[in-house]
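Participant: here's a sequence, model it:
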Amino acid sequence: NVFHKICLVLDFHSNICGYRNARCMWANWRNNKKYYLDIISISKIYPDTLFLIKGKDHYFTKISYFNDVVKEIENCNNIQVVTDYNLMTPHKSAVIADYSIALYTSLGDEMLAAKKPVIFYDLYGFPSKYFDYGEAPIFAYNYKDLVKLVAKIEKNNYLRNKDYKQLQKDYYSNKYDGKIKERLHSSLKKIYDSC
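Facilitator: From the prediction side, this is the model:
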């Protein structure tokens, strides 16, 4: 298939241990399953876009709880799960993607710093309750919001250049150097240490 866009789908990892999964507030099987089902629905609206699911691992494909979702993904011509992490490094994934739908990860910040459209799917108050992105319309709080924001990206009508410049200035020190995560962690540690 020839795809006109690539959407990098950044997920939370699914702990392979059911007991540990039950202790996870956000990155749990139930939340991830809803996320994957919403991505499957979006992929049907945009059959000419490749949805590339990439996380820290692909353990969810081995967990029986996700069997129905994995079968649906396998039946979708425009969804692939990344399994070769040497080939598809975070940097390479971000470079080849036209945009991203992400459960919060610093790779989403890296992409925003590089002026790539990112939608943080904020179903559970994360990251919006913890990170202030000002007025930037980068959060989808439900499936309806997600559909609207993806439509804007697909029509190349997402953020204006001045909005990206403001994000870069306010949140990324006007730098895109692959070190956003380190700077964010350093700033958060300073805040933590001062408390």
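
Participant: contact partners for G55?
Facilitator: G55 is in contact with 10-13, 82, counting by Cβ atoms under 8 Å, 6 or more residues apart in numbering. Backbone N, C-alpha and C define where each C-beta goes, glycine included.

Participant: next step: these restricted to strands.
Facilitator: Among the contacts of G55, the members falling in strands (DSSP state E) are L10.

Participant: need the contacts of G55 in JSON lines with neighbour count, can you?
Facilitator: As requested, the contacts of G55 are exported to JSON lines (neighbours: other Cβ atoms under 10 Å):
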{"residue": "L10", "neighbour count": "26"}
{"residue": "D11", "neighbour count": "24"}
{"residue": "F12", "neighbour count": "21"}
{"residue": "H13", "neighbour count": "15"}
{"residue": "V82", "neighbour count": "17"}
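
Participant: which single one of the contacts of G55 is nearest to S41?
Facilitator: Distance to S41, by Cβ to Cβ, is smallest for D11 among the contacts of G55, at 15.3 Å.

Participant: and the closest one, its phi and psi?
Facilitator: phi -110, psi 170 (degrees, to the nearest 10).

Participant: longest helix of this protein?
Facilitator: helix 29-45 (DSSP state H).

Participant: elements contacting the helix or strand just after that helix?
Facilitator: Next helix or strand after helix 29-45 toward the C-terminus (DSSP states H and E): strand 49-54. Under the contact definition 3 or more Cβ pairs under 8 Å, 6 or more residues apart in numbering; DSSP states H and E, strand 49-54 sits against strand 5-10, helix 29-45, strand 79-81, helix 90-96.

Participant: helices or strands up against the third one?
Facilitator: Which is strand 79-81. Using 3+ Cβ pairs under 8 Å, 6+ apart, strand 79-81 sits against helix 29-45, strand 49-54.

Participant: with respect to V118, which of the ones you listed lies nearest?
Facilitator: Closest among these, using Cβ to Cβ: strand 49-54, at 13.5 Å.

Participant: worst-scoring helix or strand of this protein, pLDDT-wise?
Facilitator: Lowest mean confidence among the helices and strands of the chain (mean pLDDT, DSSP states H and E): helix 161-171, at a mean of 63.

Participant: what's the span of stretch 114-121, first residue to last?
Facilitator: 19 Å (Cα to Cα, to the nearest Å).

Participant: where does the chain have low pLDDT?
Facilitator: 132, 159-181, 183-185, 187-188 (pLDDT under 70).

Participant: go again using 80 as the cut-off
Facilitator: 1, 25-26, 124-137, 157-192, 195 (pLDDT under 80).

Participant: burial of S93, as a residue count?
Facilitator: S93 is flanked by 20 other residues according to other Cβ atoms under 10 Å.

Participant: what sits against it?
Facilitator: S93 neighbours (Cβ under 8 Å, 6+ apart): 8, 52, 54, 82, 107.

Participant: among these, who's most crowded?
Facilitator: L8 (27 neighbours).

Participant: helices or strands next to the longest helix of the chain in the packing?
Facilitator: Packing partners of helix 29-45 (3+ Cβ pairs under 8 Å, 6+ apart): strand 49-54, helix 67-75, strand 79-81, helix 143-154.
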